[in-house]
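J.: Provided below for reference: sequence and predicted model.
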Amino acid sequence: IIQTQENQMNKRYRNMFFIISGVLITLRIFFISNTLLIDDEAYYAMYARHLSWGYIDHGPIIAYLIRLFTIFGENSFTVRLGALTLLIILMVFLYRFGKTYFNEATGIIMSLGVSANMLFHTNAVVITPDAPLAFFTIMAIIYYYKAYFIDAKYFWAAGVLLGLAALSKVSALFPAVGIILFPFVIQDKRHFLSDVRFYGSLLTALLVFTPFIIWNLQNDLAFVRYQGNHITTSGSWSDFSGLWLGLMVTIGPVFFYYSVIKPFLLLKRLLSISPELTYFTIITIVPATYFLVHSVFSRMEVNWPAPIFSGGLFLFGILLGENWPLYRKRLIFQVSFSLVLIFTITVQTFWPFLPVKGKADVTNRYHIYNAFPSELKAYLQAHPKLQNKRLIADNYQIPSMINFYLNPRLEASALSINYHETLYSFLHQDGIFVGNDFLFLKRGKSFPKKFVPYFEEASLLQLFESKRVGQKVAMYSLWSVNNYRGKSTSN
């Protein structure tokens, strides 16, 4: 594709691109250095302490990523550093890819598409499996593009990247279906169907993914059973509209249009558009179709349809970049919208100014556990005999935060009574707890009635408050519980 003068960014826009990118990297370093982990991050940090080829809720990549960056010290910054590093690499790689194979405008737009974007920004400052999922999926899309359009030798690297994407999160399989379908759809590319390297890349991806398959077979298909129950939760029209409205705000209206709406418009003239555009359209439309249809019947979390935007990113960059003089206002609106959102959330996290309270304020998640490394830690240090008892809770969030910030001698655990299995269900079998005494920590003041049959006695020890700017955002109660009777106890 020949670059033309019309498609070149002028010096002012190029400089703004580098300034925005640099400021956002600095902002993220500041953010991850000055906030507590949220409970999900602490939970994945426990993955890294207990490395395995699989976990009940995700593949192993997130565990090894965190472990890699915490080798020389474990804290909030190092746990998240891997996610930020992946985003920075992606920013650079997308810029170079777009500039090399399309034009500089496309490279800049795609780089800003992940950098100046609330969804990808969150992936960089809150480490979850979505961070390596986005990285490896986008890189796999790039390398399969290079294999299809530049040199088939890239199939091997593409297969490794696709396998790593699936090991990050199995939803990477949806873009993978689009990648595989491409040579079936485009006649000029059907010669790849007789190319051993095409099948070799798929076999390579499967081999990379194999350890997770083996782990599932060894653990009674734990992940399959868990996800099967998770994705079949029934939803409502409110859930459907809330999901897609939330995605439009999080990803940005223009990016959303090119990822969710534009692919279906291009589908009408799929055979008349360029093969390159067809490739990215198919990769985007497969996950978009699945998540749109599935979300009609099931309740989904806002990050689940993220694979749509791994392909949509390229449509966003290419279609705006090839008509840069005509569409530059769309990019300016998209970037401005996302930057306002990013800076608003950042300011709200440290200096709350919005008139929102409780669950409505998503930034409270960085503050609701701040009693743990302060009040709870001080209380346990003042009562050393209590340190001989294991801290337990009924979900994974509380014990994960305790393990990360207090690092007790006896690892805190989750009982998962009337709650789904977690990592702790595999680390600490329920049977080994029967007959033992524990410290039970829960949110709120009262001991839950549903837990009463499982213990001989429960007595309140202390209340703790997490505060934000002097205001209580969460209260916890610590209980001494005796003679745990096990999950088999009848209610």
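T.: Looks like it arrived, so ask away. Numbers count the residues shown, from 1 in each chain.
J.: Please make it C-alpha for all contacts and neighbour counts, starting now.
T.: Fine.
J.: Got the phi and psi for residue 383?
T.: The phi and psi values for residue 383, taken as degrees, to the nearest 10, are phi -130, psi 80.
J.: after the helix or strand where residue 109 lies comes which helix or strand?
T.: Following DSSP states H and E, the helix or strand that holds residue 109 is helix 104-115. Remark: after helix 104-115, the chain's next helix or strand is helix 118-125, criterion DSSP H and E.
J.: hmm, back to that, counting contacts, what elements does the helix holding residue 109 pack onto?
T.: Here helix 104-115 touches helix 11-33, helix 76-101, helix 118-125, helix 307-321, helix 324-350, going by 3 or more Cα pairs under 8 Å, 6 or more residues apart in numbering; DSSP states H and E.
J.: Distance check, the closest residue to residue 130 other than its chain neighbours against residue 82.
T.: Among residues not flanking residue 130 along the chain, residue 123 sits closest, at 6.4 Å (Cα to Cα, 6 or more residues apart in numbering). Applying Cα to Cα, to the nearest Å, the value for residue 123 to residue 82 is 10 Å.
J.: where does the chain have low pLDDT?
T.: 1-9, 490-491 (pLDDT under 70).
J.: so who does the most centrally placed residue in it touch?
T.: By Cα atoms, centre = their mean, the mean C-alpha position of the chain lies nearest to residue 130, the distance being 2.4 Å. Contacts were defined as Cα atoms under 8 Å, 6 or more residues apart in numbering; by that measure residue 130 touches 123, 168-169, 303, 306.
J.: from the residues you listed, which is closest to residue 372?
T.: Distance to residue 372 across the contacts of residue 130 (Cα to Cα) is lowest for residue 123, with 24.8 Å.
J.: what about the closest one, neighbour count?
T.: As a burial measure, residue 123 scores 24 neighbours (other Cα atoms under 10 Å).
J.: Kindly report the same for the one 10 residues further on.
T.: Burial of residue 133 is recorded as 27 neighbouring residues (other Cα under 10 Å).
J.: Which strand or helix spans it?
T.: Per DSSP H and E, residue 133 falls inside helix 130-149.
J.: so that helix versus helix 104-115, what angle?
T.: Between helix 130-149 and helix 104-115, the angle formed by their directions is 150 degrees, by axes from the mean of the first three to the mean of the last three Cα atoms, to 10 degrees.
J.: Let's see if you can find the most crowded of the contacts of residue 130.
T.: Going through the contacts of residue 130 with other Cα under 10 Å as the criterion, the one with the most neighbours is residue 168, at 28 neighbours.
J.: Correct me if wrong: that residue contacts residue 63.
T.: No - Residue 168 is beyond contact range of residue 63, at 9.5 Å (criterion: Cα atoms under 8 Å).
J.: re earlier: please verify my assumption that the residue nearest to residue 130 contacts residue 83.
T.: Yes - at 6.6 Å, residue 123 counts as touching residue 83 under the criterion of Cα under 8 Å.
J.: Name the residues contacting each of the two.
T.: Common neighbours of residue 123 and residue 83, counting by Cα under 8 Å, 6+ apart, are residue 131.
J.: rewinding a little: for the helix holding residue 133, buried residues please.
T.: 130-148 (16 or more other Cα atoms under 10 Å).
J.: Then stretch 95-105?
T.: 95-99, 102-105.
J.: What is the neighbour count of residue 417?
T.: Counted with other Cα under 10 Å, residues neighbouring residue 417 total 15.
J.: Surely it is in a strand?
T.: No - Residue 417 sits outside any strand when classified using DSSP: H, G, I helix; E, B strand; the rest coil, being coil.
J.: Report the contact partners of it.
T.: When the contact criterion is Cα under 8 Å, 6+ apart, the partners of residue 417 are 394, 487.
J.: Kindly provide the distance from it to residue 452.
T.: Between residue 417 and residue 452 the computed distance is 12 Å (Cα to Cα).
J.: same question, residue 355
T.: Following Cα to Cα, the distance that separates residue 355 from residue 452 is 39 Å.
J.: neighbour count winner among these two?
T.: Each of residue 355 and residue 452 had its neighbours counted (other Cα under 10 Å), and the higher figure belongs to residue 452 (13 against 7).
J.: Next, residue 303: phi, psi?
T.: Summarising the backbone geometry of residue 303 under the convention degrees, to the nearest 10, its torsions are phi -90, psi -10.
J.: list the contacts for it?
T.: With contacts defined as Cα under 8 Å, 6+ apart, the neighbours of residue 303 are residue 130.
J.: one more time with 10 Å
T.: Residue 303 makes contact with 119, 123, 130, 243, 246-247, 250, according to Cα atoms under 10 Å, 6 or more residues apart in numbering.
J.: ditto for residue 343
T.: 24, 27, 118, 349.
J.: By neighbour count, which of those wins?
T.: In the contacts of residue 343, the most neighbours by other Cα under 10 Å go to residue 118, 25 neighbours.
J.: Fine by me, thanks again.
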